[in-house]
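Peer 1: Attaching a predicted model along with its sequence, questions to come.
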Protein chains: 2
Amino acid sequence: MKLNDLGEFGLINRIAPQFQNNLEMHNLIGIGDDCAVMPFNEEESLIITTDLLIENIHFLKSKIPSEDLGHKSLGVNLSDIAAMGGEPISAYLSIGIPKETEIEWLDSFFEGVKKLADETNTKLLGGDTTKSKEGIIINFTIIGKQKTDRIKYRKNAKVGDYLCLTGKIGDSGGGLNMILDDLEATGETESYLIKAHHRPHPHLEYGKWLSKHTGVHAMIDVSDGIDSDITRIMEQAEVGAEVNLENLPISNELKNASNRYGWDYYQLAVAGGEDYCLLLTVDPKDFEKISNDYTKEFNSELYKIGEVTESRGRIEYLKNGEKYTFGKQGFDHFQS
Amino acid sequence: MKLNDLGEFGLINRIAPQFQNNLEMHNLIGIGDDCAVMPFNEEESLIITTDLLIENIHFLKSKIPSEDLGHKSLGVNLSDIAAMGGEPISAYLSIGIPKETEIEWLDSFFEGVKKLADETNTKLLGGDTTKSKEGIIINFTIIGKQKTDRIKYRKNAKVGDYLCLTGKIGDSGGGLNMILDDLEATGETESYLIKAHHRPHPHLEYGKWLSKHTGVHAMIDVSDGIDSDITRIMEQAEVGAEVNLENLPISNELKNASNRYGWDYYQLAVAGGEDYCLLLTVDPKDFEKISNDYTKEFNSELYKIGEVTESRGRIEYLKNGEKYTFGKQGFDHFQS
């Protein structure tokens, strides 16, 4: 059997159980959420996340400015910290670099890292640099912290919870379409979407605020598209979900571009991925207050997009009350 | 300018200063030792290390059994924890895998990881799996802990200190020679050397014990060969060094193989690298007691190989009192 037959999630499901023994005894929580959790005093835990980005798999070097790549490489990891409601402390960067890489390219990459690191108070404390034969390889590990009782595990989603988003979805997928189809980025719509793809901003402040509320049950960041990300919550919480497409927060820019280029913006919103906002489930009795306070705090809407249901393992999409069927959705790193 | 012109250390020296601001204010210690240090209570610090291994740069997939590769990938990181005298707590593995990779190969890789993780009480808590286009990519990050006042920073080496090793050197370089020259591994000597290259054992117990002694001033693991590793101590401590070649701990197996295949075993010992024993500097007035106690504790010798000198930035090699000159030594990832 080859990896291709098993897929990424298949591999993780095969390996993870071997490493689960004795974790609970040590109060450690492993594979299955955005971050691993390591309690370090009575009240607080360290939260740890790591992400590997490979040229020509996760990005095209000729298509993304190196400063944006620096920003994004750090940003996608900080997004995992945001999903735990945590604050970043320190970052560790391993980077593999072909020897013919221009130093100016590297300087600008590190400028992107540094700006976002400074902005989010993340200290780059260590790493590894090595040559690579085939393209740039980037691995960030981030250590953050969070009050232990504020961590919103995926498994804590409850039937009846509202599914909510902290930001618009699909823009990043639209930006990727532009890039892959070599559509010229001269218009404002185009550059808005490409920026959404290249410079996602981690929702640390939203995550931190939301984590203080006991009415928020589960939280995850939108990395692979809500279809995949809701599936992960469903797997951990043993629930199902219903999503109302007409309630998805979709930008006018994405709608305009979809009309212009013939895209299905629901498809992009659901399966495009890399939006890096937060997806959360909220107790319905607390939703109104949390939602109102959230809008006061951030001058932004907490978007209700659906509900957690009993139909374990199944996401149902509805459009104005009618069942809606997509083609292949979501994203499996090895199979797409 | 290209990376090739600057070299790995040049790149690190270019980048590191940008990220050093405010670290001391936060009690964080960054780039420059085997691990980063993050104090987490009055007495203890977290120590963190990360290493990126790339197929055809750091290993040849066809030449190393996958279980050995799993062992070694984790082992080289644990060796950095050993150099801080620490104990490992948790590990995070990012792995890039070509889709045609055999699942059996992966199973055996993870078996190698798991055995060494269990043996050293390291918990694999998280990671990232993704496809890669060109070969296997492995990045481990390890979090360990150590009493803050027992950390032996490189900068603490003092003029007059004895340079010591916890194990034999050059065997791994000899094993690599065997592998690269396709020398058959039928004899005991050959398999001994190849095992030294494929299954380095992190010196965690030695490092922990040594770190309890105030007479031990600086410690580093031997990853790139003592020539490079002594250079790193010299840079941080602003000192020089003198190494007595006749005192280098070199195995009979390496001497025999060197005679058979025409290798220079001093060259392998000094610049071969990947020995993953510990190099330390010891106060001369404490050496005898530490050395005797060490032998009692481990039934193994603490090898004295030279001294720290005043001639800043220069390593002098002596053989039976005579100056000895090598060709190109050490190892720079981008230039060799």
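Peer 2: All right, it came through fine.

Peer 1: Please, where are all the helices along the stretch 151-300 of chain A?
Peer 2: A:171-180, A:188-198, A:204-211, A:226-237, A:252-261, A:265-271, A:284-298 (DSSP state H, counting those that start in this stretch).

Peer 1: what's the closest of those helices to chain B?
Peer 2: Shortest distance between chain B and the helices of the stretch 151-300 of chain A, using Cβ to the nearest Cβ, is found for helix A:226-237: 13.9 Å. In short, each C-beta sits where N, CA and C put it, glycine included.

Peer 1: name the helices or strands packed onto the closest one?
Peer 2: Packed against helix A:226-237, as judged by 3 or more Cβ pairs under 8 Å, 6 or more residues apart in numbering or on different chains; DSSP states H and E, are the following elements: strand A:216-221, strand A:240-244, helix A:265-271, strand A:278-282, strand A:303-309, strand A:315-319.

Peer 1: let's go with 7 Å and repeat that
Peer 2: strand A:216-221, strand A:240-244, helix A:265-271, strand A:278-282, strand A:315-319 (3 or more Cβ pairs under 7 Å, 6 or more residues apart in numbering or on different chains; DSSP states H and E).

Peer 1: Please name the nearest non-neighbouring residue to the residue of chain A most remote from its centre.
Peer 2: Taking Cα atoms, centre = their mean as the measure, the residue most remote from the mean C-alpha position of chain A is residue A:100, 32.1 Å away. Leaving aside its chain neighbours, residue A:100 sits nearest to residue B:2 (5.4 Å; criterion: Cβ to Cβ, 6 or more residues apart in numbering or on different chains).

Peer 1: Check residue A:132 too.
Peer 2: Leaving aside its sequence neighbours, residue A:132 sits nearest to residue A:96 (Cβ to Cβ, 6+ apart; 3.4 Å).

Peer 1: mind checking which helix or strand that neighbour is in?
Peer 2: With secondary structure defined by DSSP states H and E, residue A:96 is part of strand A:87-97.

Peer 1: can you list contacts of the helix or strand just after that strand?
Peer 2: Counting by DSSP H and E, the element after strand A:87-97 in chain order, helix or strand, is helix A:103-119. With contacts defined as Cβ atoms under 7 Å, 6 or more residues apart in numbering or on different chains, helix A:103-119 is touched by A:66-71, A:74-75, A:91, A:124, B:1-3, B:6, B:11, B:15, B:18-19.

Peer 1: Take those and keep only those in strands.
Peer 2: The strands, defined by DSSP state E, take in A:91, A:124 from those.

Peer 1: Keep only those of the contacts of helix A:103-119 that are in helices.
Peer 2: A:66-71, A:74-75, B:3, B:6, B:11, B:15 (DSSP state H).

Peer 1: out of the residues you listed, which is most surrounded?
Peer 2: Neighbour counts for the ones in helices among the contacts of helix A:103-119 (other Cβ atoms under 10 Å in any protein chain shown) peak at residue A:74, which has 27 neighbours.

Peer 1: Got the confidence number for it?
Peer 2: With respect to pLDDT, residue A:74 scores 98.

Peer 1: Residue A:141 is in contact with that one, correct?
Peer 2: No - assessed by Cβ atoms under 7 Å, residue A:74 is found out of contact with residue A:141, at 11.0 Å.

Peer 1: For burial, what's the neighbour tally of the residue lying closest to residue A:295 once chain neighbours are set aside?
Peer 2: Distance criterion Cβ to Cβ, 6+ apart; nearest residue to residue A:295, sequence neighbours excluded, is residue A:301 at 6.1 Å. If you count neighbours by other Cβ under 10 Å, residue A:301 ends up with 15.

Peer 1: try residue A:199
Peer 2: By other Cβ under 10 Å, neighbour count at residue A:199 equals 19.

Peer 1: Do I have it right that it meets residue A:73?
Peer 2: No - the pair residue A:199 / residue A:73 is not scored as a contact, 11.3 Å apart, by Cβ under 7 Å.

Peer 1: Which residue would be the closest one in the stretch 151-300 of chain A to chain B?
Peer 2: residue A:223 (10.6 Å).

Peer 1: three-state assignment of the closest residue to residue A:134 other than its chain neighbours?
Peer 2: The shortest distance from residue A:134 to any non-neighbouring residue, by Cβ to Cβ, 6+ apart, is to residue B:134 (3.8 Å). Classification of residue B:134 using DSSP: H, G, I helix; E, B strand; the rest coil returns coil.

Peer 1: what's the answer for residue A:37, then?
Peer 2: Applying three-state DSSP: residue A:37 is strand.

Peer 1: where does it sit relative to chain B, distance-wise?
Peer 2: Residue A:37 sits at a distance of 8 Å from chain B (criterion: Cβ to the nearest Cβ, to the nearest Å).
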